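[1] What follows is a protein structure lacking sequence information:
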């Protein structure tokens, strides 16, 4: 089996490791998936991404909101579930 060594920015690798972990993958598996699918499709064939709910900008807003609630500012609301028939 061949071994491939690549150089990547430390910060980018850290973010990629986190993302792949969220997807249940490691770096080696993710790169192998990418290469296999690229060869099969003859180009970049797919897009992997996490739910935008977990984007850094949204998480920042959520952390700030939680901090405000913890500080006694704002109002906590009950979650209202709406069924399909309503």
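    Nice, thanks for sending it over. Since we're looking at a predicted model, the values are computed, not measured.

[2] just for this structure, where's the confidence low?
    By pLDDT under 70, the low-scoring segments of the chain are 84-86.

[3] Can you classify the residue positioned nearest the centre of it as helix, strand or coil?
    Here the mean C-alpha position of the chain is nearest to the C-alpha of residue 50 (CA atoms, centre = their mean), at a distance of 3.7 Å. Three states are possible here, and by DSSP: H, G, I helix; E, B strand; the rest coil the one that applies to residue 50 is coil.

[4] thinking it is in contact with residue 21, fair?
    No - when contacts are counted by CB atoms under 8 Å, residue 50 is not listed as touching residue 21 (10.5 Å). Where C-beta positions appear, they are placed from N, C-alpha and C, glycine not excepted.

[5] chain center to stretch 22-41, what's the gap?
    Stretch 22-41 has its average C-alpha position 15 Å from the chain's average C-alpha position, going by CA atoms, centre = their mean, to the nearest Å.

[6] What are the buried residues along it?
    Taking 16 or more other CB atoms under 10 Å as the basis for neighbour counts, the residues of stretch 22-41 that come out buried are 25, 30.

[7] Please apply the same query to stretch 2-19.
    By 16+ other CB under 10 Å, the buried positions in stretch 2-19 come out as residue 16.

[8] Contacts for that stretch, please.
    Contacting residues not belonging to stretch 2-19 are listed as 26-27, 30-31, 50 [CB atoms under 8 Å, 6 or more residues apart in numbering].

[9] Alright, calling it a day.
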